[in-house]
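**Q** After the sequence you'll find the predicted model.
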Amino acid sequence: MQKSKSFKRLLAVVIAVAMVLTAIPFSATAETATKDTIVFGSYVWDVIKTEDDGDLVLITKDVLAKAKFNNKAPMNFATSTLYTTLNTDFYGAFTDAEKAAITPTTITYDYWDATANKKVTGAALSANVVVPDVAMAPSLGNANLAGTDTATPYFLASARANTKTDAVVSIIKNGNVSNASGTVATTGYRPVITLKAGSFAKFPAVDGVSFTVNDNAVTYYATTSAVTFKAVVDTDNYSADNMAVTLDGNALVATDGTYTLAAGSKGTLAVTGLSAQPADFTAYNEALAQAGEVDKALYETADLDAALAVDVSACTKLEQAEVDEATAAILDAIANLKYKPADTAAYLEAVAETRRILANEPVEITPTLSKPIYNLNAQANEIGDNFNNLMRQSLNTYEDRTKTPVSGYTIDKQAEVDEATAVLEDLNARVPLMRTDTSAWSATLNSIKNLSPVRYANAAKLIAEANAVVAENDYAALNLDIMHQAEVDASTDKLKAIFAKAEIIPADFTSLDAVLEIANTYVKEDYYTEEEMAGAQEAWDKFVAQRDAAIALSRESNTTFADHQGNINDAAVALVRTMEALAPFERLTEMEEDFINPTKDFFTEIMNFFGMINGLLVALAGLLPLVIIGELVLYDVFVMIGDEDLLAFVEKIGIKPAPEEPAPEEPAE
């Protein structure tokens, strides 16, 4: 469990007060730094450094010599030498084998020169002992712990005083010791030696195990004497159920957890069988359970998937931070889940289609016709809205850019997107296309059906052909959309081609020309004289007028039988009548009688013919509808008139009775 900052600060204050009260210098960096250590002789040493030749430079972890200034200081400040008891007591504590392992060298010591007010290096000593730099206390400022002298600097050694009184600081003066109010100060020394290579071995560096000698954590062990040690397992992070300690492959047996190495032991220690404790996956598994409840159909899970992809299943307690980090990543991804975008593909297609319809761009209907095809003015609902207004209102409703458009909705609003899509799709599906233009088709069809058999020789045939076209597709009744215009136009072209084949019946000038031929033979002097008949001049003038009128009758404008044949016939009849009016007044010789009587008979026939034609036209006009629709044969019309001469005439001009259908054959026996 982590301690709060306030707790750490309080702890620091307590430690600082305790250090000051016990006269122990406090330095967080110095005290917490990890150092290699070794048990050598009866002391535990810090390893200062390893020399190039493998020797170890050691300094005792504890002060070995302590003294009170008012009693007997270990240093003679007058001569700047250590008292011999320090050398004798310290050096004499080693066995011969241990002394042999100490490298002989010139040892120096450091002390405080109060006159120079600085640290100085002393002379060479005969013993393998040094007063190191760390033996002298750093300056603690101008405060005097006893409160008797606050103005004079003082210095304190790193000795550990046993009582509060012993911890009181005295002032170091030039050449001697000054006691303030009878109080005393303590000082002490930590010797430094060099241990020969080959006189020690290094404990193996094994994760989860530390080694202690006499409860002191050590990195090295000396081979100059027997050593007992413990292998301390970090049980919080490691399991030691199968742990084994060996020296060069030979198992060491612990007694009450303590292993023994005999003096002179050589080789390499090894520790096996340790296994790391698995990390605590409780919170991680809870995070996994939460992740499993996430509906991936609703949420964007890229971050969550990435967090879940981190494999921490093999993590141990030493890697608990990785597990915790993975747990935090999963929970963070869950906390920041975002809905997926709604499925707007169909909606966007509907919007695009609506806009395309509203644009109503001209479309190529036929190679020669391009025009808008949608009837946006058609009524869209019972209220009377047209499609143009209703579709624009719908777009404004669902694509209002002053708020989130439907196209930006997340999946939690899918129902709203689908509703908008359905509205637009319904409108798009219902907007009608423009209808085909059948006016030309209908007009052409009517023109054909109105062909008169009196005017056109093949009217009945053309009407039948037109009816066949209508039987294929009655475009006036089908009411197709404009995309079928090409079909309508093609059918119209068929009707126009039929109409173009109409054969108009031409006017016949044959009879008029025959009458004119005779009239042109009339000479006034050949028929009468003024003396013979009163009023003959008037009759002759009428004859001349009718003859000239008949000659002047336009052959270019009187071209059709139906429209102009009556004019021609009337001119012929009028001319014949004026010619007849001349005849009774003439005195004829027997020879002339033989000529005139046939002529009169001819004119009578002509008159009868034109009367018959006029009667025929009247009859045909009444029966024409039945003939056109095929319910009456034209020949039967003339039979109904009952004139044998007329019937002979129509047969002569080619109108025949309908052929009789052959009698069905008798089935073969």
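**A** Yes, it's here. Just so it is clear, the model here is predicted, and its values are computed rather than measured. Numbering: from 1, shown residues only.

**Q** Return the residues in contact with the nearest residue to Ile38 once chain neighbours are set aside.
**A** Spatial nearest neighbour of Ile38, chain neighbours left out: Tyr220 (3.8 Å); criterion: Cβ to Cβ, 6 or more residues apart in numbering. The way it works is simple: take the backbone N, C-alpha and C, and place the C-beta from them, glycine included. Neighbour list for Tyr220: Asp36, Thr37, Ile38, Val47, Leu56, Phe200, Ala201, Lys202, Phe203 [criterion: Cβ atoms under 8 Å, 6 or more residues apart in numbering].

**Q** If any of those are buried, give me the ChimeraX selection for them.
**A** A single ChimeraX command is used to select the members of these judged buried by 16 or more other Cβ atoms under 10 Å:
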select :36,37,38,47,56,200,201,203
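
**Q** And for the host helix or strand of Ala476, what's in contact with it?
**A** Using DSSP states H and E, the element containing Ala476 is helix 475-478. Identification of contacts with helix 475-478 by Cβ under 8 Å, 6+ apart yields Thr436, Thr438, Trp441, Ser442, Leu445, Glu487, Val488, Ser491.

**Q** remind me which residues of the stretch 551-669 of the chain are low pLDDT?
**A** 583-638, 640-643, 645-646, 649-650, 652-656, 658-669 (pLDDT under 70).

**Q** could you redo the last one with a cut-off of 80?
**A** Scanning the stretch 551-669 of the chain for pLDDT under 80 picks out 581-669.

**Q** just the chain next, same as before
**A** Ranges of the chain meeting pLDDT under 80: 1-34, 59-93, 103-193, 214, 266-268, 400-404, 524-537, 581-669.

**Q** which among the contacts of helix 475-478 end up buried?
**A** Thr436, Thr438, Trp441, Leu445, Glu487, Val488, Ser491.

**Q** excluding its backbone neighbours, what's nearest the third one?
**A** Right, Trp441. Nearest non-adjacent residue to Trp441 (Cβ to Cβ, 6+ apart): Thr492, at 4.4 Å.

**Q** Any figure for the gap between the one you found and Thr50?
**A** Using Cβ to Cβ, to the nearest Å, Thr492 is found at 113 Å from Thr50.

**Q** Repeat that for Phe200.
**A** Distance from Phe200 to Thr50, by Cβ to Cβ: 11 Å.

**Q** Equivalent analysis for Thr521, please.
**A** Distance from Thr521 to Thr50, by Cβ to Cβ: 166 Å.

**Q** who's more crowded, the two?
**A** Thr50 (13 against 9; other Cβ atoms under 10 Å).

**Q** which residues does that one bridge with?
**A** Leu56 (DSSP bridges).

**Q** In stretch 301-321, which residues are buried?
**A** Quick answer for stretch 301-321 (16+ other Cβ under 10 Å): Thr301, Asp303, Leu304, Ala307, Leu308, Val312, Cys315, Thr316, Lys317, Leu318, Glu319, Gln320.

**Q** go on, stretch 442-460?
**A** Residues Thr444, Leu445, Ser447, Ile448, Leu451, Pro453, Val454, Arg455, Tyr456, Asn458, Ala459, Ala460 are the ones in stretch 442-460 that count as buried (16+ other Cβ under 10 Å).

**Q** Let me see the contact set for the closest residue to Gly273 other than its chain neighbours.
**A** Excluding the flanking residues, the one nearest Gly273 by Cβ to Cβ, 6+ apart is Asn242, at 3.6 Å. Residues near Asn242 by Cβ under 8 Å, 6+ apart: Thr272, Gly273, Leu274, Ser275.

**Q** number of nearby residues for the second one?
**A** Put plainly, it is Gly273. Neighbours of Gly273 (other Cβ under 10 Å): 11.

**Q** next one: the third one
**A** When counting by other Cβ under 10 Å, one arrives at 20 neighbours for Leu274.

**Q** How about Asp241?
**A** Per other Cβ under 10 Å, the neighbour tally for Asp241 reads 8.

**Q** That one in helix, strand or coil?
**A** coil (DSSP: H, G, I helix; E, B strand; the rest coil).

**Q** just checking, which of the contacts of Tyr220 belong to strands?
**A** Counting by DSSP state E, the part of those found in strands is Thr37, Ile38, Val47, Leu56, Phe200, Ala201, Lys202.

**Q** With distance to Leu553 as added columns, please give those in CSV.
**A** Shown next, in CSV, are those (distance: Cβ to Cβ, whole Å):
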residue, distance to Leu553
Thr37, 153
Ile38, 156
Val47, 152
Leu56, 155
Phe200, 157
Ala201, 155
Lys202, 150
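
**Q** and which of those is nearest to Pro372?
**A** Looking at those and their distance to Pro372, the nearest is Lys202, at 96.2 Å (Cβ to Cβ).

**Q** what sits against the closest one?
**A** Per Cβ under 8 Å, 6+ apart, neighbours of Lys202: Thr219, Tyr220, Tyr221.

**Q** Pull up the gap between the residue nearest to the first one when sequence neighbours are not counted and Arg430, please.
**A** Across the structure, with Cβ to Cβ, 6+ apart as the measure, the residue nearest Thr219 apart from its sequence neighbours is Asp36 (3.9 Å). In this view, Asp36 and Arg430 are 91 Å apart by Cβ to Cβ.

**Q** Report how many residues lie close to Gln537.
**A** 12.

**Q** does it count as helix, strand or coil?
**A** Under three-state DSSP, the three-state class of Gln537 is helix.

**Q** That one and Leu582: what is the separation?
**A** Taking Cβ to Cβ, one finds Gln537 at 11 Å from Leu582.

**Q** cool, and Val253?
**A** For Val253 relative to Leu582 (Cβ to Cβ), the value is 177 Å.

**Q** In CSV, list the contacts of Tyr220 along with distance to Pro341.
**A** As requested, those are exported to CSV (distance: Cβ to Cβ, whole Å):
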residue, distance to Pro341
Asp36, 62
Thr37, 64
Ile38, 68
Val47, 65
Leu56, 69
Phe200, 71
Ala201, 68
Lys202, 63
Phe203, 62
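
**Q** Just the C-alphas of stretch 447-459, formatted as PDB.
**A** Only the C-alpha atoms of stretch 447-459 are listed here, as PDB (Å, rounded to 0.1, in the frame of the first residue of the first chain):
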ATOM      1  CA  SER A 447     -56.800  11.100 -89.600                       C
ATOM      2  CA  ILE A 448     -56.700   7.500 -90.900                       C
ATOM      3  CA  LYS A 449     -60.000   6.600 -89.400                       C
ATOM      4  CA  ASN A 450     -61.600   9.700 -91.000                       C
ATOM      5  CA  LEU A 451     -60.500   8.700 -94.500                       C
ATOM      6  CA  SER A 452     -63.600   8.700 -96.600                       C
ATOM      7  CA  PRO A 453     -64.100   6.000 -99.200                       C
ATOM      8  CA  VAL A 454     -65.700   8.600-101.400                       C
ATOM      9  CA  ARG A 455     -62.500  10.600-101.300                       C
ATOM     10  CA  TYR A 456     -59.900   7.800-101.100                       C
ATOM     11  CA  ALA A 457     -59.900   4.700-103.100                       C
ATOM     12  CA  ASN A 458     -58.000   2.600-100.400                       C
ATOM     13  CA  ALA A 459     -59.600   4.100 -97.300                       C
END
